[in-house]
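In: Sharing a model prediction with you, sequence too.
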Amino acid sequence: MKLTLKIWRQENANAKGAIQTYPIDGIEPDMSFLEMLDVLNEQLINQGDIPVVFDHDCREGICGSCSLQINGEPHGPDRLVTTCQLHMRKFNDGDTIVVEPFRAKAFPVVKDLMIDRSAFDRIQHAGGYISVNTSGNTIDANAIPVNKENADDSFAAATCIGCGACVAACKNASAMLFTSAKVSQYALLPQGQVEASERVLSMVEQMDKEGFGNCTNTGACEVECPKGISLENIARMNREYLSASLKG
Amino acid sequence: MSILDSKIPSGPLADKWTKHKNEIDLVNPANKRNIDVIIVGTGLAGGSAAATLAELGYNVKTFCYQDSPRRAHSIAAQGGINAAKNYQGDGDSAYRLFYDTVKGGDYRSREANVHRLAEVSTNIIDQCVAQGVPFAREYGGLLDNRSFGGVLVSRTFYAKGQTGQQLLLGAYSAMNRQINRGKIQSFNRHEMLDVVKVDGKARGIIARNLVTGEIERHSAHAVVLASGGYGNVFFLSTNAMGSNVTASWRAHRRGAYFANPCYTQIHPTCIPVSGDHQSKLTLMSESLRNDGRIWVPKKKEDALAIREGRLKPTQLSEEDRDYYLERRYPAFGNLVPRDVASRAAKECCDAGFGVNKTGEAVYLDFATAIERYGREKALTEKISNPSEADIYKMGAAVIENKYGNLFQMYEKIVDENPYKTPMMIYPAVHYTMGGLWVDYNLQTTVEGLYATGEANFSDHGANRLGASALMQGLADGYFVLPYTIGDYLSKDIRTGKIPTDTKEFDQAENEVKDRINKLMSGSGERSVDYYHKKLGKIMWNKCGMSRNEKDLKDAIEEISALREDFWNNVKVPGTKDTLNQELEKAGRVADFLELGELFAKDALDRRESCGGHFREESVELDGAQKGEALRDDKNFKYVSAWEYKGAPKEALLHKEELNFENIELKTRSYK
């Protein structure tokens, strides 16, 4: 396959960035999108140019490092995949592909396609945990049965990989899907009930502080989420938030 | 006597850990506030240790090269975590888990360490549930278990195919709590480039801020390496792209012995290589072997026809299929340990029975399981005379519930529907049992320098059982290191803060800077990846699933020559004082080029077949086990611990003799 890549290049957080155009040839349909970028970088290095910086690590869709906006969509045209799982067979010979970093005020660009998502970490620092010490001296794991449906829903929420596609997909750059997934994971388990009110209040407060936008229920986040995290989590978080605020 | 003192406590096996804990020196809570600990790596081993040490009151600094601790590669572990809970009442116990682990490791691990691991395994599950890890549950609300690679009980806890993710997020959440309290400082996008020793003790590290390129000094009273394994020495592996040996190797160069470098686990169920562009390999959880049947065509002409696309696997009748694991190992069938399954697949493909374009793949078929589950479901749902289509539908739903995400992942990568046509799999490098030598306290041969999780060598011997890596990482971090490190730190309560403006830090920093300058000053002929791929080919072809003396000797020469070429001609574009991913890779590949040679040297020394290390010169010549691996307990029942002496060629071998007082050494037979 022969392609034209239009890639966002930006030297550092303070520099002004711009799209640059790179023609590329010899791309095979079995390559992943990131392997295609590997080919481009090898080509750039051999020409004496500076390769394109992008975040990537596990390359199997679970670490959540990759964060590319491809033709305007987080993680590209395929559904339920991260960029590393997107294969070139989803494109056609001769295509022009625009590659940018995820865009959000709370995710400043570090360099080229790499962004700073530490805002997500700070939301979790604010309350994304259950306050038990790791001594191992807790009750037996089977002492409290958990309704299977709740356990499954909790797991489904917990599969969020923290990539930020939800924020990039949202016209308001809202982090509601991410935050609500974490809140839901704990809210659905008896172990998480004890601190549920404080948790939701602190995490939402931090989320707002980070400069993420508001949720207007368009559902774009759910569509683009590589793990299929459901909008129901946002509804659940809103309920949790409301009841925690009323308890206040 | 060996200079290696394993510090195994005296007394009966089952009492050693309790006795040791009782005798260990403790640090008073007020004094813990004055003690700093550095942890490199934030996967299960590092994240859990960081959280626990911070809870105890120590000041912890964590370092990871990723942008968040949550992205460490433990996250990719799929299948599960073992624990001797015996919730299924199928006869499991700590002793049985201990026994299985030692046997699975082909009698090349330390009894005392493994027993401790089995003992604390049950705490892990309690702990994780308390932390809100959403393990799979049954309808009654209790935890579900499955049986996993090579064992006869169901002791594996899991969260679909994302167990590592859930456990890591659990450890990360515990870290977050401590970050919020100010007890952990988390340095992300940082890479450790050297250990700093003061008066023979590890007292800090030199790290590079990967965003600014700045070289930083960080001091502490102890340094813990939880930086994972070195499977990426093969270039293609199931490790993350950034997984590297640099932290361990830098420590090795500073005096930490490297143990059993040749023990590599080649995982049998990975998605096959599709071409030269391949950058990494994707694992399919071995839990799939519980329900999938592995086969190749019985006739070579059928295999050829399949490779050329003239024949579909579903068109082959049962009689024309060779379920070779079920045939060769009737007792364990498709659940034989990983090394056995991997080698058998390679043998089939080498003999011309491979089934994908490259001839390097075998089938993993779910048709039988789908039908079996479908019929079971029809019975339990009381559907009489179900149609074949209904059975298929109900069976596929059961399979989807168990392995849905794996099937989806496979389909995305290969573009084939594994519910309809068998999956193709091939072995790939997955885990390294070798690592820094540690004593019972997890301390390396450098005082104050500890290694945990995959970075150490201690618990898996020559081969790791499925679902044991997660167990070991968390056991080390939550329940072992926090006790054992106290024994060392109790002597540091009056030391005070370790200054970084000393000659030792000056020297280490200068060496790091010199090395970076040297990396940037190559003639610029070839990219870093060129060298990494070349190294990977040598490793895979000559130090891979089966090894022989001639190939290993060649490998040593070839790697040594490649390393020289690398240092003269590598091309690192850009500058050192900015974010430079090629420079990061170059430093890691430079270390792999040294480790690779030591790896081959270790494999050459071990003239026996054991676990993941198969020496072609050491096979059973006759009897029922003919052609199977032949272990040599008389001559090789030791841990090889290598001391750095300049070039890897010069490395000096120290042997830690392994004593088995509780287990009788047996030939592993899965027939």
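Out: Right, received. Where do you want to start?
In: And the one residue sitting closest to the centre of chain A, how far from chain B?
Out: Nearest to the mean C-alpha position of chain A, by CA atoms, centre = their mean, lies residue A:163 at 2.0 Å. Between residue A:163 and chain B the distance, using CB to the nearest CB, to the nearest Å, works out to 10 Å. Bear in mind the C-beta positions are built from the backbone N, C-alpha and C, glycine included.
In: I'd guessed that residue sits against residue A:62; true?
Out: No. Judged on CB atoms under 8 Å, residue A:163 makes no contact with residue A:62 at a distance of 10.0 Å.
In: Show me the chain divided up by domain.
Out: No chain specified, so I'll use chain A. Domain segmentation of chain A under automatic domain parsing yields A:3-111, A:117-247.
In: You answered for a different chain; I wanted chain B.
Out: With domains defined by automatic domain parsing, chain B comprises B:13-263+B:433-492, B:268-429, B:523-636.
In: could I get those as JSON lines with distance to chain A and mean neighbour count?
Out: Putting the domains of chain B into JSON lines (distance: least, CB to the nearest CB, whole Å; neighbours: other CB atoms under 10 Å in any protein chain shown) gives the following:
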{"stretch": "domain B:13-263+B:433-492", "distance to chain A": "3", "mean neighbour count": "24"}
{"stretch": "domain B:268-429", "distance to chain A": "4", "mean neighbour count": "19"}
{"stretch": "domain B:523-636", "distance to chain A": "5", "mean neighbour count": "19"}
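In: Buried ones in the top helix by length along chain A, by neighbour count?
Out: As assigned by DSSP state H, the longest helix anywhere in chain A is helix A:232-247. For helix A:232-247, burial by neighbour count (16 or more other CB atoms under 10 Å in any protein chain shown) applies to A:233-234, A:236-238, A:240-241, A:244.
In: name the element residue B:256 belongs to?
Out: Under the criterion of DSSP states H and E, residue B:256 resides outside all helices and strands.
In: Apart from its neighbours in sequence, what residue is nearest the residue in chain A that chain B sits nearest to?
Out: Closest residue of chain A to chain B, CB to the nearest CB: residue A:145 (2.8 Å). Distances taken as CB to CB, 6 or more residues apart in numbering or on different chains put residue B:141 closest to residue A:145, at 2.8 Å, once the chain neighbours are dropped.
In: next SSE after the helix or strand of chain B with the lowest mean pLDDT?
Out: Lowest by mean pLDDT, DSSP states H and E among the helices and strands of chain B is strand B:146-147, with a mean of 85. Downstream of strand B:146-147, the first helix or strand assigned by DSSP H and E is strand B:154-157.
In: In its sheet, which strands sit next to that next one, and in what direction?
Out: Taking DSSP bridges as the criterion, strand B:154-157 forms sheet pairs with strand B:81-82 (antiparallel), strand B:146-147 (antiparallel).
In: distance between that strand and the chain's centre?
Out: 19 Å (CA atoms, centre = their mean, to the nearest Å).
In: moving C-terminal of it, what's the next helix or strand?
Out: Note on strand B:154-157: by DSSP H and E, the next helix or strand toward the C-terminus is helix B:163-180.
In: Quick check: which helices or strands does that next one pack against?
Out: Packed against helix B:163-180 by the contact rule (3 or more CB pairs under 8 Å, 6 or more residues apart in numbering or on different chains; DSSP states H and E) you find helix A:118-125, helix A:148-158, helix B:44-56, strand B:184-187, helix B:469-474.
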